[in-house]
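In: only the shape, not the letters, is given here:
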């Protein structure tokens, strides 16, 4: 069965530093890939998604992610962290044969230090 | 901007009691989902719902669970006889279509605590 691994349950960066949140999936057949963000007391919000085409995907708030089939990865990056980026980030996949249900990673809580 | 809403935000119940968690999906969406997240664990898919019937469900969604769209706006998750292990954050989501790559919009969640 498909699984999603997010390395690091908690990542802390300084404001202005690079943000790198890691995500790997298990399937040999690439699924559709998503990153969601959850701010305190709010629902999960889609940051970006990869379905087909260009492997570098740009999302909201300056985030981007690159699909690397050879590494079964979909890591999320942002060149310069802002205090408002502090939130929990979830990587998710939608597998072949499913009807849209998402398989999530455990989430990574991002802290941004001034 | 339209959003998915969920009530209550926090529900405390005694083991064995029935609970109903409520969701109002985005009005023009046709596909509805429930997910849950036990503290410290992954967000897990429970069930998807379309055209007044269940489309897909996970192993977690056993006979103790049921879903319903009682009117044109609400989408509910009922747990008939709650267990301690049902304590979790429950998220409702909706999407325009059920395609694998379509964006699901999530509500803020209901935290269920079973004592």
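Out: Structure received. Since the structure is predicted, the reported quantities are computational estimates derived from the model, not experimental observations.
In: once you drop chain neighbours, what's closest to residue B:7?
Out: residue B:22 (4.9 Å; Cβ to Cβ, 6 or more residues apart in numbering or on different chains). To be clear about C-beta, it is placed using only N, CA and C from the backbone, and glycine gets the same treatment.
In: what about the strands in chain B?
Out: Taking DSSP state E to define them, one finds strands in chain B at B:5-7, B:10-13, B:19-24, B:31-37, B:43-50, B:53-57, B:65-68, B:75-79, B:88-95, B:105-106, B:110-114.
In: what is the neighbour count of the residue nearest to residue B:7?
Out: For residue B:22, the count of nearby residues is 17 (other Cβ atoms under 10 Å in any protein chain shown).
In: cool, and residue A:13?
Out: Neighbours of residue A:13 (other Cβ under 10 Å): 18.
In: for the residue nearest the centre of chain B, list each beta-bridge partner.
Out: Centroid check for chain B by Cα atoms, centre = their mean gives residue B:34 as the closest residue, at 3.1 Å. Bridge pairing for residue B:34 (DSSP bridges) gives the partners residue B:47, residue B:92.
In: give me the neighbour count for residue 5.
Out: This is for chain A. Residue A:5 has 14 nearby residues by other Cβ under 10 Å.
In: um, chain B though
Out: Residue B:5 - counted by other Cβ under 10 Å - has 15 other residues nearby.
In: got it, and residue B:12?
Out: Residue B:12, neighbours per other Cβ under 10 Å, totals 12.
In: go ahead and confirm it touches residue B:115.
Out: Yes: Residue B:12 lies in contact with residue B:115 (Cβ atoms under 8 Å); the separation is 6.6 Å.
In: my guess is residue A:8 meets residue A:22, correct?
Out: Yes: counting by Cβ under 8 Å, residue A:8 does reach residue A:22; the two are 6.7 Å apart.
In: overlap of the contact sets of those two?
Out: residue A:108 (Cβ atoms under 8 Å, 6 or more residues apart in numbering or on different chains).
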